[in-house]
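**Q** curious how this folds, go ahead:
(one chain, ligands or ions: 1)
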Amino acid sequence: MTDEPQKSAPHACCGGHSHSKPKPHAPIVVPVGADVKTSYICPMCPGVRSAVPASCPICGMALEPEFVTAEAGPNHELEYMRTRFWGAAVLTIPVFAIEMARHFGHNADFLAPSFVARLQMAFATPVVLWAGWPFFQRGWQSVRTGNLNMFTLIALGTGVAWTYSMLAVLVPGIFPAGFNGEHGLNIYFESAAVIITLALLGQVLELRARDKTGSAIRDLLNLAPKTARVIRDGAEVEIKLEDIAVGDHLRVRPGERVPVDGVIVEGASHLDESMLTGEAMPVAKASGDAVTGGTFNREGSFIFHAEKVGRDTMLARIVQLVSEAQRSRAPILRHPCRS
Ligand SMILES: [Zn+2]
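**A** This is a model prediction of the structure:
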């Protein structure tokens, strides 16, 4: 496998432009509630970008939203894989049990081998064709774009095992006599079904882990309030967080969170800065002291001068570091995980 397969082929994922200069994607932090057109990127392959949720044309992983937003929608990819995994598991258990019973010599003599084979066929076929469908889609995509990956192997392995077994059950006459084993032609429905089920389990575990990290980031983003009170012409006006500009004077009342970073110009208070320091003891703040967006105002009301807003705030930078850590890989994973 080449190191940079995205160099050659134009991708359907990104409107067909060529990835001649793959750029490492820096996660972009968006203030709460901001109206941003989401694009989807691969956490593993720099340069892959899509306007709609899809699977990566290089490694086959589900793409994830580039922008971290405070609102969490349902994870459709996880639901999709989870449904297929449970369907596959329920149908694979009987196929596996029949096959194991045969191996351990418990073949019920009153059941004809051809009946046992058809029973396995009935259970394994929906596992391969329905539950395994996403693997065939991704496997086909990998062959079409020339980026062979794990899904190529799964699709090829299970596809060949299932097709051969179907022919062996339905038209056994086409195989030469030398193919016959102890009980006639060998069939591999159980192998195909078990591989699909385990691969789906892997997908569910991976997507769940990624979902959990995303929710940790959303918890951080939710530390910033959604609105703030700005002082305009002597009156307090409530505005959205993303509408705050550098230089605005903002009022923070007791029990509220500080919206952005700045310096107090009027009033005094005690702030809970445990989100930064881990120390729950309130810190005294007076005129001239710096305040950080996301910290909690315990008592007292104050007005501060906004100095850093949007993605420049301390909170946004923390979120950005967490996102980057989530997307970076240990050096040892860089090469083998492609295939
Ligand atoms: Zn990828």
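**Q** tell me which parts of the chain are close to the ion?
**A** 42, 44-45, 56, 58-59 (C-beta under 5 Å from the ion). The way it works is simple: take the backbone N, C-alpha and C, and place the C-beta from them, glycine included.
**Q** do you have the strands of the stretch 101-250 of the chain handy? List them.
**A** In the stretch 101-250 of the chain, strands defined by DSSP state E, counting those that start in this stretch lie at 180-181, 184-185, 227-232, 235-240, 249-252, listed in chain order.
**Q** can you pull the poorly scored residue ranges out of the stretch 101-250 of the chain?
**A** Scanning the stretch 101-250 of the chain for pLDDT under 70 picks out 105-111, 182-183.
**Q** ranking the strands of the stretch 101-250 of the chain by burial, who's on top?
**A** Neighbour counts (mean count of other C-beta atoms under 10 Å) averaged over each of the strands of the stretch 101-250 of the chain peak at strand 249-252, with a mean of 20.
**Q** which outside residues touch the following helix or strand past it?
**A** Moving toward the C-terminus from strand 249-252, the next helix or strand (DSSP states H and E) is strand 261-267. Contacts to strand 261-267, defined as C-beta atoms under 8 Å, 6 or more residues apart in numbering, come from residues 249-250, 285-293, 300-309, 312-314.
**Q** domain parsing of this structure, as residue ranges.
**A** Domain assignment for the chain by automatic domain parsing gives 76-220, 227-312.
**Q** give the helix, strand or coil label for Tyr276.
**A** Heads up, residue 276 is Leu, not Tyr. Classification of Leu276 using DSSP: H, G, I helix; E, B strand; the rest coil returns helix.
**Q** OK, contacts around it?
**A** 292, 295, 314.
**Q** next one: Leu167
**A** By C-beta under 8 Å, 6+ apart, Leu167 lies in contact with 174-175.
**Q** Ser301 too?
**A** Ser301 makes contact with 251-254, 267, 269 under the criterion C-beta under 8 Å, 6+ apart.
**Q** from the residues you listed, which is closest to Met150?
**A** Val252 (51.0 Å; C-beta to C-beta).
**Q** look at the closest one and report its pLDDT.
**A** Val252 is assigned a pLDDT of 94 by the prediction.
**Q** which residue packs closest to it, ignoring adjacent ones?
**A** Take Val252 and drop its neighbours on the chain: the residue closest to it by C-beta to C-beta, 6 or more residues apart in numbering is Asn297, 5.0 Å away.
**Q** A helix includes the one you found, no?
**A** No. Judged by three-state DSSP, Asn297 forms no part of a helix; its state is strand.
**Q** for it, give its distance to the ion.
**A** According to C-beta to the ion, to the nearest Å, Asn297 and the ion sit 43 Å apart.
**Q** so that residue touches Leu250, yeah?
**A** No. Taking contacts as C-beta atoms under 8 Å, Asn297 lies outside contact range of Leu250: 11.4 Å.
**Q** quick check: Arg49 touching Ile41?
**A** Yes. Arg49 is within contact range of Ile41, at 5.5 Å (criterion: C-beta under 8 Å).
**Q** that older thread, looking at the residues of the chain next to the ion, state which has the most neighbours.
**A** Ile58 (28 neighbours; other C-beta atoms under 10 Å).
**Q** list phi and psi for it.
**A** In terms of degrees, to the nearest 10, the main-chain angles of Ile58 are phi -100, psi -60.
**Q** one more: the one 5 residues further on?
**A** Backbone torsions for Leu63, taken as degrees, to the nearest 10, come to phi -70, psi 150.
**Q** who are the neighbours in contact with the nearest residue to it once chain neighbours are set aside?
**A** Distances taken as C-beta to C-beta, 6+ apart put Tyr40 closest to Leu63, at 3.8 Å, once the chain neighbours are dropped. Contacts for Tyr40 (C-beta under 8 Å, 6+ apart) come out as 49-54, 63-66.
**Q** ok, Tyr40 to Ala51 distance?
**A** For Tyr40, the distance to Ala51 equals 7 Å [C-beta to C-beta, to the nearest Å].
**Q** shared neighbours, the two?
**A** With C-beta under 8 Å, 6+ apart as the test, Tyr40 and Ala51 reach no residue in common.
**Q** so what pLDDT did the residue nearest to Met314 when sequence neighbours are not counted get?
**A** Of all residues beyond its chain neighbours, the one nearest Met314 is Thr292 (5.0 Å), with distances taken as C-beta to C-beta, 6+ apart. Looking at Thr292, its pLDDT reads 93.
**Q** 36 is where my numbering starts, stick with that
**A** In the new count, where the first residue is 36, that last one comes out as Thr327.
**Q** I figured Thr327 hits Leu350, correct?
**A** Yes. Counting by C-beta under 8 Å, Thr327 touches Leu350, with 7.3 Å between them.
**Q** more neighbours: those two, which one.
**A** Leu350 (26 against 18).
**Q** report the contact partners of that one.
**A** Contact partners of Leu350, counting by C-beta under 8 Å, 6+ apart, are 255-256, 258-259, 310, 327-329.
**Q** okay then, goodbye and thanks.
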